[in-house]
Every structure is written in structure tokens, then in C-alpha cells.
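Engineer: Just a sequence and a predicted model for now, questions to come.
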Amino acid sequence: MGEGIKIIAVNRKARYDYTVDDHFECGIELLGTEVKSFRDGKISFLDAWAELIDGEIWLRSLRVAENPFSSIFNHDPDRKKRLLLHRDEIKRLSRKVEERGYTLIPLSFYFKKSRVKVELGLCKGKKSFDKRADIRERDVKRDMAREFRHGLH
């Protein structure tokens, strides 16, 4: 990705289930114990998605495990988290989500200059025949690369 970036987790299934049309880098509002869990990589976001509520974007279904070394004031693992974007980006996203039936899916989480960032994708769901075509295309590329490697030896 770049310099000073440490990847926490990548949602590979999102690229299989959705076509990604646009990417946005967002900050995320976290509590202190949640940041510790992010540093340990204790997050689960396979079915996570973002929604627009009152001009703000909220991330849902992101499970951040509780930190076992914190006190009784630990965070709720399933709480919704606010994403930090510029106002014009939120307006652009809201227009696309409302009009064209797009979905906001987190594609990856990473640290950038010691801050947790989310790569949010503007996605449209794939049909089963699209998924089959992607699998077929990936297999053909793999076979071509294999033949090319064997041709060099």
C-alpha cells in the first residue's frame, strides 16, 4: 500500500461477492480498548457493512474482541462505529447508495501513522454467473502463468 502502513486485516470475500466501483479511505472512531484489540488483530468483519444515518456513516457488524487485560469498563464488542469522512465525500456516497443501489463494504483495515484506517468500497452485488466468470478467468490466468513458467525452463 505505502510507507508507514501496517495491514491489520483484508476482506477477500468482499471482492468475490461484490464488484468494487470506488474506494474511500476513512478514519474510524474507536475506544481505547478497541485500539488494543485492533493492534492484536482480534477483529471479525466478514459480513460487515456501512450505512448512512443522519449525514454520518456508521459501520455495522464489525466485531472487535474484548481485551482480556482491561478493567470492567471494557467496550461492547458489537457496537456500531462511526466512520470519519469529509462532508463532500459523504454527500457523494449518499447519492450513489440511494439512487443506484450500491452498498458500502469495508475492504481492509490498516494502521497509517499509528491511526486505524478503513478502506471502504462502494460495491454492487454480483450474480452467481458473474462469480463463475471470475473463477473461470482466474483459472485461465493461472494456467497461462504455469505454461509460461514451464516454457522458460
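Structural biologist: Ah, there it is. Numbering: from 1, shown residues only.

Engineer: Now tell me what touches the one helix or strand residue 51 maps to from outside.
Structural biologist: Assigned by DSSP states H and E, residue 51 falls within strand 49-53. Strand 49-53 is contacted from outside by 57-61, 83, 90, 93-94, 97, 103-106, 120, using CB atoms under 8 Å, 6 or more residues apart in numbering. To be clear about C-beta, it is placed using only N, CA and C from the backbone, and glycine gets the same treatment.

Engineer: hmm, 7 Å instead?
Structural biologist: 57-61, 83, 94, 97, 103-106, 120 (CB atoms under 7 Å, 6 or more residues apart in numbering).

Engineer: from the chain's centre, how far out does that strand sit?
Structural biologist: 13 Å (CA atoms, centre = their mean, to the nearest Å).

Engineer: List the buried residues in that strand.
Structural biologist: 49, 50 (16 or more other CB atoms under 10 Å).

Engineer: All further residue positions should be reported with the first residue as 682.
Structural biologist: In the new count, where the first residue is 682, that last one comes out as strand 730-734.

Engineer: after that strand comes which helix or strand?
Structural biologist: strand 737-741.

Engineer: Could you give the average pLDDT over the helix or strand containing residue 818?
Structural biologist: Assigned by DSSP H and E, residue 818 belongs to helix 809-833. Helix 809-833 shows a mean pLDDT of 83 in the predicted model.

Engineer: Excluding chain neighbours, give the residue nearest to residue 806 in space.
Structural biologist: Distances taken as CB to CB, 6 or more residues apart in numbering place residue 699 nearest to residue 806, at 5.8 Å, with adjacent residues excluded.

Engineer: Cool, thanks, signing off.
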